[in-house]
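[1] kindly generate the corresponding structure for this input.
(2 chains)
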Amino acid sequence: MISLTKAVITLAVRTCCSLIVFLYSNIALATVDHISVNSHSFTNQLTVEKAKQVIKQGPQLIVMWSLDCPACFEELDTLAQLLKSRPELAITLISTDDDPTRYEEVNQVYAEPAFRTVPRWVYQENQAQQIRYTIDPTWQGELPRSFYIDKTGKQFSHSGVLSQKQLQSIVAKISP
Amino acid sequence: MIKLLTILLVIFSANLTAQQAIDHSKHQMQPATIEPSCSTLSMACAKTISSVVSKQGRIWSVWSHQQYLYLNYSDDLGHSYSKARKVNNTAEKISSRGENRPKIAIDDAGNVYLSWITPLKKRFSSNVRFSYLNAKSNLFSSVITVNNDNLVTGHSFNEMVVTDAGDVYIAWLDGRAKVAAAKQGIRLRHSEIYLAHANFIQGKTVFDNNYLTQGTCVCCRLAMDLDQHALPMLMWRHIFDKNTRDHGFLTMKNQQQANQIKRVSFENWQVDGCPHQGPSMVREKISVNSNRVHMAWFNNAPDASGLFYSYSDNNGEDMSKVNHFAPKAQLPEHPFLSQKIVANGTKSLLQLVWREYNGTAYQIKYQSSATGDIWSDTRVIATSAKGVDYPYILQHSLGSYLHWHIIGQPLRLIKL
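    Here you go, the predicted model:
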């Protein structure tokens, strides 16, 4: 009888804990999902209005990239390595592939576990020029493009792959 | 048994192709009306449209929908189009965006040549594909792969020119050296240019593949034209030194071998990335400057940014004074050069269009020049707030036309 009661209590506690973990993970997931990628469909298409909000979000490094840009994948690899050791870094990824038929492929790139903690966006359909101009009116579309805002609110931009030295310097400028 | 099946298959395929020809012979012209939605098959909904004008004034256009390439034509300057014909019977991916788009050319006999890129499963791997519409039979040839290396690597940014006599030249950025280097643990960060040649009128139906040069940028379109011997000449974004993205130019010794490359731009843009901005080039076909090669390009060095123009009278050995015709502040991009021949072929006019974005709308701007030395004032030819394609020029016997596509709307042909 005692052992039966123990088993019922254990089961109740486990169920309760699982429920709490489940609810918590869902809350955490929901918190992340408003800025990142749902694994099955894109909910984070970047519009001009959303781009204005993104660049207002304090010190951060924003990296623009495209599926058509081999050099961008070198940059993404470097960022993934960095984020594995510094997942708290304020980095935002933006794919400039403004074509819904390519969103799934963008999604696959964003599935990299190290990117799970950072906001990940893709341009809304047929809005490349407008969004580009909103983020940085001096940018002519070359990729990868880095745009960062330091702790004092100053803005900087860079075209091409960031060297390790440049990346470390930016990290120091955007970190609290 | 296998032979019998093969024969049956061939007969079946021939019937299918013939059926397409019968449909085409009805000449169902379709008005170029605005499409309400882009979910259906239509030229207006294509992401890119490439066109060429025949000697008779027929405008042939190639474009893709989902995994098929389509060809149609207009005999009334784009007011109506023939029913679109499917080029590939088997579905395949077709690159159709930005600087990587299907190409079209025509010879004197009216054969229409088509070349495009089909991406493969592995990222940055693709093949150059080809078919042509035979003017006599009105049938498309079977689709073939132009690159002959049988490697899963990059073959992209195809460009094509065809001589009046039907010599087909296709050039592209090639990645076969990357495969060889990778086997030795080396990661190549540039591409090579390969050139293929065939002539279907003369029965040379297999494209040869010839290496031309190495060290090119990997993500910008090539510019191609024919020299005075009807051999190809090429201009492209090259990587000089470690990361200087300026432009290279070459002519051919013969159909297979290139002369040494010349550097033709000197803005010294240092960028370890993808500009996605290739040049434009046209050789003067008539006039006293018939060997003059006109070139326009984008560069983005800190002290030299925007669009530039220059010409050479000796195949890139010397360049004229550079004309920085569109400064960076106007966000200019994607220039396109063309030569209009007027007065029964005795005079010519050089025409130049490009795209700008002013923060709220796109503008297509235009300049012209007799020789390339003195240019007209800049004129705005078209404006649109919606996302638009790159500008091109079509030379027609009734005039020169800006070729400009806004996705979801009929192709615009605007008289310059």
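[2] for the residue nearest the centre of chain A, phi and psi?
    Closest residue to the average C-alpha location of chain A: residue A:119 at 2.7 Å, with CA atoms, centre = their mean. Per-residue torsions, residue A:119: phi -60, psi 130 (degrees, to the nearest 10).
[3] check residue A:134 too.
    As for residue A:134, its main-chain torsions (degrees, to the nearest 10) stand at phi -70, psi -40.
[4] what residues does the stretch 251-400 of chain B put near chain A?
    Within the stretch 251-400 of chain B, the positions near chain A by CB under 8 Å from any CB of the partner chain are B:270-277, B:298, B:300, B:305, B:328, B:331, B:333, B:357, B:359, B:362, B:386-387. No exception for glycine: its C-beta is placed from N, CA and C like everyone else's.
[5] put the buried members of these into a ChimeraX selection.
    The ChimeraX selection below is limited to those of those classed as buried (16 or more other CB atoms under 10 Å in any protein chain shown):
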select /B:271,272,273,274,275,276,277,298,300,305,328,331,333,357,362,387
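[6] inside strands: which ones of the residues of the stretch 251-400 of chain B next to chain A?
    The strands, defined by DSSP state E, take in B:298, B:300, B:305, B:333, B:357, B:362 from those.
[7] can you put these in a markdown table and add pLDDT?
    Converted to a markdown table, these look like this (pLDDT from 0 to 100):
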| residue | pLDDT |
| --- | --- |
| B:298 | 98 |
| B:300 | 96 |
| B:305 | 96 |
| B:333 | 96 |
| B:357 | 93 |
| B:362 | 94 |
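[8] between these, which is nearest residue A:51?
    Lowest distance from residue A:51 to those (CB to CB) belongs to residue B:357, with 15.0 Å.
[9] which residues touch the closest residue to residue B:111 other than its chain neighbours?
    The shortest distance from residue B:111 to any non-neighbouring residue, by CB to CB, 6 or more residues apart in numbering or on different chains, is to residue B:135 (4.9 Å). Residue B:135 makes contact with B:109-112 under the criterion CB atoms under 8 Å, 6 or more residues apart in numbering or on different chains.
[10] who wins for neighbours among the residues you listed?
    When neighbours are counted by other CB atoms under 10 Å in any protein chain shown, residue B:112 leads those with 23 neighbours.
[11] got phi/psi on that residue?
    Backbone torsions of residue B:112, given as degrees, to the nearest 10, read phi -110, psi 120.
[12] any idea how far the residue nearest to it when sequence neighbours are not counted lies from residue B:156?
    The shortest distance from residue B:112 to any non-neighbouring residue, by CB to CB, 6+ apart, is to residue B:133 (4.2 Å). Applying CB to CB, to the nearest Å, the value for residue B:133 to residue B:156 is 24 Å.
[13] who has more neighbours, these two?
    In this view residue B:133 and residue B:156 are compared by other CB under 10 Å, and residue B:156 has more residues nearby, 26 against 23.
[14] tell me if the helix or strand encompassing that one is near chain A.
    If you go by DSSP states H and E, residue B:156 is part of strand B:155-162. No: against chain A, strand B:155-162 shows no contacts by CB under 8 Å from any CB, the least distance being 9.4 Å.
[15] pull out the buried residues from the helix or strand following that strand.
    Once the chain leaves strand B:155-162, the next helix or strand it forms, by DSSP H and E, is strand B:168-174. Using 16+ other CB under 10 Å as the test for burial, strand B:168-174 gives B:168-174.
[16] surely residue B:212 is in a helix?
    No: counting by DSSP: H, G, I helix; E, B strand; the rest coil, residue B:212 is not part of a helix but strand.
[17] residue B:327: neighbour count?
    By other CB under 10 Å, 12 other residues sit near residue B:327.
[18] how about it, what does it touch?
    Here residue B:327 is in contact with B:305-306 (CB under 8 Å, 6+ apart).
[19] how close does it sit to chain A?
    As judged by CB to the nearest CB, to the nearest Å, residue B:327 and chain A stand 12 Å apart.
[20] quick check: bridge partners of that residue?
    residue B:306 (DSSP bridges).
[21] kindly report the same for the one 5 residues further on.
    The bridge-partner assignment for residue B:332, based on DSSP bridges, gives residue B:356.
[22] and the helices in chain A?
    A:2-33, A:48-55, A:70-85, A:103-110, A:128-135, A:164-174 (DSSP state H).
[23] quick one, phi/psi of residue B:316?
    Residue B:316 adopts backbone torsions of phi 90, psi 0, taken as degrees, to the nearest 10.
[24] that one reaches residue B:283, doesn't it?
    No: between residue B:316 and residue B:283 there is no contact, the gap being 11.6 Å when judged by CB atoms under 8 Å.
[25] mutual contacts of those two, please.
    Counting by CB under 8 Å, 6+ apart, the shared contacts of residue B:316 and residue B:283 are residue B:293.
[26] residue contacts, the nearest residue to residue A:67 once chain neighbours are set aside?
    Ranked by CB to CB, 6+ apart and with sequence neighbours excluded, the top spatial neighbour of residue A:67 is residue A:97, at 5.2 Å. With contact taken as CB under 8 Å, 6+ apart, residue A:97 is in contact with A:66-68, A:103, A:105-106, A:122-123.
[27] the same query, at a cut-off of 7 Å, please.
    By CB atoms under 7 Å, 6 or more residues apart in numbering or on different chains, the contact list for residue A:97 reads A:66-67, A:106, A:122-123.
[28] now those in a markdown table, with pLDDT?
    Formatted as a markdown table, those follow (pLDDT from 0 to 100):
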| residue | pLDDT |
| --- | --- |
| A:66 | 97 |
| A:67 | 96 |
| A:106 | 96 |
| A:122 | 97 |
| A:123 | 96 |
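[29] and these, which two are the farthest apart?
    Taking CB to CB, no two of the contacts of residue A:97 sit farther apart than A:67 and A:123, at 11.6 Å.
[30] out of the two, which sits in the busier spot?
    residue A:123 (25 against 20).
[31] right, and that one touches residue A:102 too?
    No: if you go by CB atoms under 7 Å, residue A:123 and residue A:102 don't touch, sitting 10.2 Å apart.
[32] what's the closest non-adjacent residue to residue B:382?
    In this structure, residue B:382 finds its nearest non-sequential neighbour in residue B:364, 4.4 Å apart by CB to CB, 6+ apart.
[33] in this structure that neighbour contacts residue B:336, no?
    No: counting by CB under 7 Å, residue B:364 sits too far from residue B:336 to count as a contact (9.8 Å).
[34] shared neighbours of those two, anything?
    Residues touching both residue B:364 and residue B:336 (CB under 7 Å, 6+ apart) are B:353, B:391.
[35] return the residues in contact with residue B:404.
    With contacts defined as CB under 7 Å, 6+ apart, residue B:404 is in contact with B:364, B:382, B:388-389, B:391, B:412, B:414.
[36] ranking helices and strands of chain A by mean pLDDT, which lands last?
    Least confident helix or strand of chain A, by mean pLDDT, DSSP states H and E, is helix A:2-33 with a mean of 41.
[37] name the residues of chain A found near chain B, please.
    Within chain A, the positions near chain B by CB under 7 Å from any CB of the partner chain are A:68-71, A:99, A:126-129, A:133, A:137, A:140-144, A:159-161.
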